[in-house]
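Student: this one's structure only:
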């Protein structure tokens, strides 16, 4: 799912918001999580007596991330951690269609329905000044950092329950379980900026061939080398699991 599709989904949501006089609910995720620190903001809109559509914007402001030591490189059977602190940022969207139970109208009680999701993560290390020597012993310089990009897209099915309290103003929403299937697109590598004249990673093909990033031990990757970057990439089938607890207000 591309940013253009996300904007289309938001446009449809705004259309429903202006085209229906029924109430809406704005919610935020209560549990942010210790690792990913995601902020979730949702808007749920009634489109039929028992049916709603909810769209959720998920964001993570880039901040320090220590999990998995992704800055580690392996060269000639030795591990190196050349980079300093890493920062993780992300943005994405989940759009759901909810059918509520027959005994109660929209927004109340047990619900179920499909959802589609897209999430983009970017992990980038601090830059370090590095020097490289080619076969002629000429030294070149560049500010080098490690960059990892993850895109997760998918579709699934979920169920949960929601209650309205305090004169139907306070909403408490529990997505009990959601599951689905999707695709994880991974691209990671080393990028160089502020390079000296004639700097080119392609001059070090033998060194590049001997370099292994830790995650390469788990999956098969396609390698790409150009003048200022070295990257590996792959696409992996992915199982989606989700749950959540949010609170908000109806109006």
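Tutor: Good, I have the coordinates. For clarity, every value in this text was computed on a predicted model and none was experimentally measured.
Student: mind checking the SS state of the residue in the chain sticking out farthest from the centre?
Tutor: The outermost residue of the chain relative to its centre, with distances by C-alpha atoms, centre = their mean, is residue 136 at 43.0 Å. Per DSSP: H, G, I helix; E, B strand; the rest coil, the secondary structure class of residue 136 is coil.
Student: Look up phi and psi at it.
Tutor: phi -100, psi 10 (degrees, to the nearest 10).
Student: now swap in residue 137 and tell me
Tutor: When read as degrees, to the nearest 10, the backbone of residue 137 gives phi 60, psi 30.
Student: Just give me the neighbour total for it.
Tutor: Residue 137 is flanked by 6 other residues according to other C-beta atoms under 10 Å. To be clear about C-beta, it is placed using only N, CA and C from the backbone, and glycine gets the same treatment.
Student: okay, now residue 173: neighbour count?
Tutor: Using other C-beta under 10 Å: residue 173 sits among 24 other residues.
Student: do the same with residue 86
Tutor: Residue 86: 23 surrounding residues under other C-beta under 10 Å.
Student: do residue 65 as well
Tutor: Neighbours of residue 65 under the rule other C-beta under 10 Å: 20.
Student: Double-check it against residue 87; I have them as touching.
Tutor: Yes. Counting by C-beta atoms under 8 Å, residue 65 touches residue 87, with 6.4 Å between them.
Student: Find residues that contact each of these two.
Tutor: Counting by C-beta atoms under 8 Å, 6 or more residues apart in numbering, the residues touching both residue 65 and residue 87 are residue 123.
Student: pLDDT score assigned to residue 188?
Tutor: Note for residue 188: predicted pLDDT of 80.
Student: Which residue is the nearest non-sequential neighbour of it?
Tutor: Of all residues not flanking residue 188 in the chain, residue 148 sits nearest, at 3.9 Å (C-beta to C-beta, 6 or more residues apart in numbering).
Student: same thing with residue 204?
Tutor: Nearest to residue 204 is residue 132, by C-beta to C-beta, 6+ apart, at 6.1 Å.
Student: Quick check: beta-bridge partners of residue 157?
Tutor: residue 114, residue 179 (DSSP bridges).
Student: how about the strands of this protein, start to end?
Tutor: 24-29, 39-48, 51-64, 73-75, 78-80, 86-100, 109-125, 128-133, 139-165, 170-193, 211-213, 222-226, 229-250 (DSSP state E).
Student: and of these, who's closest to residue 204?
Tutor: Among the strands of the chain, strand 128-133 comes nearest to residue 204, with 6.1 Å by C-beta to C-beta.
Student: Quick check: buried residues in the closest one?
Tutor: residue 132 (16 or more other C-beta atoms under 10 Å).
Student: For that strand, what does the pLDDT average out to?
Tutor: On average, strand 128-133 scores 78.
Student: coming back round to it: save the strands of the chain as TSV, and put in distance to residue 201 too.
Tutor: Formatted as TSV, those follow (distance: least, C-beta to C-beta, whole Å):
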stretch	distance to residue 201
strand 24-29	41
strand 39-48	37
strand 51-64	25
strand 73-75	14
strand 78-80	17
strand 86-100	21
strand 109-125	17
strand 128-133	8
strand 139-165	9
strand 170-193	7
strand 211-213	11
strand 222-226	5
strand 229-250	5
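Student: Tally up the residues packed near the residue nearest to residue 188, please.
Tutor: When neighbours are defined as other C-beta under 10 Å, residue 148 has 22 of them.
Student: Am I right that residue 224 is in contact with residue 233?
Tutor: Yes. Residue 224 lies in contact with residue 233 (C-beta under 8 Å); the separation is 6.9 Å.
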